[in-house]
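Undergrad: here is a sequence together with a model predicted from it:
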Amino acid sequence: MYKLAAYIGPAIHLDQFLLKPTGSLLTQATEPGGLQCSEYFADGFGIGWYAADGTPAIYANPLPIWSDTNLPYLARSLFGQLWLAEVRHAVTPFMASGVTIQPFFDQRLIFLHSLILMLGAHYTYARVPPGFWFQEWFDLSRNHYDRLGHLAQGFVPAILAREVLLRRSPLQPGKWLFFLVTCVCLAISACYEFLEWGTALAGGESADAFLGTQGDIWDTQWDMFLALLGAMTAQATLARLHDRQLRTMGLLPDADLG
């Protein structure tokens, strides 16, 4: 479970965004309300912003936001026009890992993957407002916001799976790695379709909003296809950058870069 905050506007110090406002993320982490299994969001936090030269910067800590004694000093000195932040309540040991803390960044982009899921969960995927905007602008037959979610479902895990296979198996960059990463992403997507199927069987008509098929008999096939497209796009666009980053960290020898 996450609580997110974002700011874009005239440049302000980080503490004006993160720590000082009424209802700030610091306050929400210690007085969240609505949690049944815990009193706090105590499983880490992350902050993203752009440096003066336009490059993305990330500060992530797997410990509770209130326990970081350096954060108030850092927050008083950082100044920017855009801020993204997250505090977490993790439900599994994997989610508590520091490598899963958002925001994420790549080259010049900072992003919050869970924002896609949260909007879908809040409105239901068939009723997310941006989906209606695009439906009206392009005269579409349905709200396609769920398609974005399934595209991300393939795009986001692809580099994670790629790194696991490069670091934990004999695989090297190349066609077999591309193929197996794609297979992993499709397997994740298929497992989600099984979850939807089980929900539909258990919930009957009440599951329609969760499924979000909107009368499309090919909805499952479209979901899988978009996950496939996302996985292939992530590898086609980010694989070389990923290899360079692994080489910089000493995790991929030069001879293996192809």
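TA: Everything's here; your move.
Undergrad: mind checking how far stretch 168-183 is from the chain centre?
TA: 23 Å (C-alpha atoms, centre = their mean, to the nearest Å).
Undergrad: give me the buried positions along that stretch.
TA: Of the residues in stretch 168-183, 171-173, 177-178, 181-182 count as buried by neighbour count, 16 or more other C-beta atoms under 10 Å. All C-beta spots, glycine's among them, are computed from the backbone N, C-alpha and C.
Undergrad: ok, which pair from those residues is furthest apart?
TA: Greatest spatial distance among these (C-beta to C-beta): Q172 and T182, at 16.3 Å.
Undergrad: out of the buried residues of stretch 168-183, who's nearest A51?
TA: Nearest to A51 among the buried residues of stretch 168-183 is P173, at 29.9 Å by C-beta to C-beta.
Undergrad: confirm that the closest one sits in a helix.
TA: No: using DSSP: H, G, I helix; E, B strand; the rest coil, the secondary structure at P173 is coil, not a helix.
Undergrad: confirm for me that it is in contact with L166.
TA: Yes: between P173 and L166 a contact is recorded at 7.4 Å, counting by C-beta atoms under 8 Å.
Undergrad: mutual contacts of the two, please.
TA: L252 (C-beta atoms under 8 Å, 6 or more residues apart in numbering).
Undergrad: dump the longest strand seen in the chain to PDB, restricted to CA.
TA: Using DSSP state E to define each element, the chain has its longest strand at strand 2-13. Taking Å, rounded to 0.1, in the frame of the first residue of the first chain, the C-alpha atoms of strand 2-13 are listed here in PDB:
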ATOM      1  CA  TYR A   2       1.300   3.400  -0.900                       C
ATOM      2  CA  LYS A   3       0.600   7.100  -0.300                       C
ATOM      3  CA  LEU A   4       1.800   9.400  -3.000                       C
ATOM      4  CA  ALA A   5       2.300  13.100  -3.400                       C
ATOM      5  CA  ALA A   6       3.300  15.300  -6.300                       C
ATOM      6  CA  TYR A   7       4.100  18.900  -6.900                       C
ATOM      7  CA  ILE A   8       4.800  21.000 -10.000                       C
ATOM      8  CA  GLY A   9       4.900  24.800 -10.000                       C
ATOM      9  CA  PRO A  10       7.200  27.600  -8.800                       C
ATOM     10  CA  ALA A  11      10.400  26.300  -7.200                       C
ATOM     11  CA  ILE A  12      10.100  25.500  -3.500                       C
ATOM     12  CA  HIS A  13      12.200  23.700  -0.900                       C
END
